[in-house]
Structure formats: structure tokens, C-alpha cells
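*Asks:* just the structure for this:
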Amino acid sequence: MLDRTIPFYNTILRCDCYQTKDAVLPEGYSVVTYQPGCELFRCPV
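*Replies:* A predicted model of the protein is given here:
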């Protein structure tokens, strides 16, 4: 159960100056954005 006596605040974090924009990944790894149906290919149960 949630303790509603503790105030909740929405927080938005942002960074105006990124140190690096391009992620350097090991060979064989990649970063892709989500596309509908992607979960069926990536995470079969």
C-alpha cells in the first residue's frame, strides 16, 4: 500500500550539455528504437 502522507512530485530531468552523443558498443551490439511488434522478435517466451 502506498504511503499517501509522503508528497509526490513529478520530476523532469534534462541535460543541456551531453558529454557524448554516440554510444560506442562492442562488436555485435546495436541500439535501435522501439517499433510495434519488436517485442515478439526480441523476447520470445
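*Asks:* mind checking the SS state of residue 39?
*Replies:* Following DSSP: H, G, I helix; E, B strand; the rest coil, the label given to residue 39 is helix.
*Asks:* low pLDDT regions in this structure?
*Replies:* Residues of the chain that meet the criterion pLDDT under 70 lie in 21, 42-45.
*Asks:* now the helices for it?
*Replies:* 38-42 (DSSP state H).
*Asks:* how much space separates residue 38 from residue 24?
*Replies:* Distance from residue 38 to residue 24, counting by Cβ to Cβ, to the nearest Å: 23 Å. C-beta: built from backbone N, CA, C; applies to glycine.
*Asks:* do the same with residue 6
*Replies:* From residue 6 across to residue 24, the span is 40 Å (Cβ to Cβ).
*Asks:* re earlier: neighbour count winner among residue 38 and residue 24?
*Replies:* Between residue 38 and residue 24, residue 38 has the larger neighbour count (other Cβ atoms under 10 Å), namely 11 against 6.
*Asks:* contacting residues around the more buried one?
*Replies:* By Cβ atoms under 8 Å, 6 or more residues apart in numbering, the residues touching residue 38 are residue 32.
*Asks:* renumber starting at 136 from here on
*Replies:* Sounds good: first residue 136 from here, last item residue 173.
*Asks:* so what's residue 158 closest to, chain neighbours aside?
*Replies:* The shortest distance from residue 158 to any non-neighbouring residue, by Cβ to Cβ, 6 or more residues apart in numbering, is to residue 166 (6.0 Å).
*Asks:* that neighbour touches residue 157, doesn't it?
*Replies:* No: counting by Cβ atoms under 8 Å, residue 166 does not reach residue 157; the two are 9.7 Å apart.
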